[in-house]
Each structure stands twice: as structure tokens, then as C-alpha cells.
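*Asks:* Following is a predicted model, sequence given first.
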Amino acid sequence: MTFDDVRKFALTWPEVEDGTSYGTPALKVRKKMLARLKEDGDSLVMPDVPIDERAMLVASQPKIFYFTDHYADYPIVLIRLSKARRAIVEPFLRRRWRALASKVARADYDAREGA
């Protein structure tokens with residue numbers, strides 16, 4: 001999977017837009033970062049992943065999930081897109097989107113999707 005693949009499905013959600021963050025392509029919701037491409041061009045910087053959950057992900061799937069010293073103290077996990085599938089990436093993005101999107105956007109999306 002690539003960042004373009006991530007963009008294609010995330011941009012179908014209400015209030016998601018293209019942007020940049022730290023000079024790299026990013027997806028934003030209401031001007032807040034949903035996720036961004038890391039400088040290596042292959043890793044997704046995924047915020048709002050609690051450190052204990054991140055530890056479990058890294059331990060169970062180290063080829064996909066990792067973090068660097070820079071992110072050690074933050075609730076962020078890095079996802080190697082070249083090793084991941086949409087079924088792995090999308091739930092993290094959807095959870096973050098739900099935290100950032102307006103109540104109206106979430107309700108409209110849920111009604112449209114039958115959630």
C-alpha cells in the first residue's frame with residue numbers, strides 16, 4: 001500500500017482534506033492532522049495510538065509497526081505502508097477521524113454507511 005492508496009479512501013470521509021505537515025503530504029480533518037507521510041516516503045505517522053497499544057502492535061507485528069526515539073514519549077505509531085494492507089491501516093485512520101470530525105459529519109457518515 002502507498003500513501004496515495006490511503007489518500008483515496010480517507011478523502012471519501014467528510015471533512016478530510018489534503019495538506020502538509022513537516023514538509024510531507026498529510027491528511028487533515030478540520031485543520032488537524034489525521035496522519036502524514038514520514039520523510040522516508042513509506043511510513044505513515046499515525047497519531048492517537050496509546051503507548052501501551054503501540055507496544056503490543058510493535059511486539060506482535062514489527063515488520064509493519066514501529067517507532068523511533070523521536071516518538072518514544074508520544075502516542076504515535078509508525079506504519080510501514082509497503083508492508084501493510086488497508087484492513088490494517090484503515091481502522092487506525094477511522095478511529096482518529098472519528099475523534100477529529102464534527103458531530104454532524106460523523107452523524108451524516110454513520111447514516112449514509114448504515115452504522
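*Replies:* Arrived safely, thanks for sending. These numbers were taken from a predicted model, which means no experiment stands behind them.
*Asks:* what residues are up against residue 25?
*Replies:* Each residue near residue 25 by CB atoms under 8 Å, 6 or more residues apart in numbering is listed here: 3, 7, 18, 19, 36, 37. All C-beta atoms are positioned from the backbone trio N, CA, C, and that covers glycine.
*Asks:* Rebuild those residues as CSV, extending it with distance to residue 92.
*Replies:* Formatted as CSV, the contacts of residue 25 follow (distance: CB to CB, whole Å):
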residue, distance to residue 92
3, 14
7, 15
18, 19
19, 18
36, 13
37, 15
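*Asks:* could the residues you listed go into TSV alongside neighbour count and pLDDT?
*Replies:* As requested, the contacts of residue 25 are exported to TSV (neighbours: other CB atoms under 10 Å; pLDDT from 0 to 100):
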residue	neighbour count	pLDDT
3	21	98
7	17	98
18	11	98
19	15	97
36	22	98
37	23	98
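*Asks:* Show me these that map onto strands.
*Replies:* Using DSSP state E, the members of the contacts of residue 25 that fall within strands are 18, 19, 36, 37.
*Asks:* Tell me how far the first one lies from residue 107.
*Replies:* Shown here: residue 18 relative to residue 107, a distance of 24 Å by CB to CB, to the nearest Å.
*Asks:* Which neighbouring elements make contact with the helix or strand of the chain with the lowest mean pLDDT?
*Replies:* None of the helices or strands of the chain scores lower by mean pLDDT, DSSP states H and E than helix 103-113, at a mean of 93. Contacts defined by 3 or more CB pairs under 8 Å, 6 or more residues apart in numbering; DSSP states H and E place helix 103-113 against no helix or strand at all.
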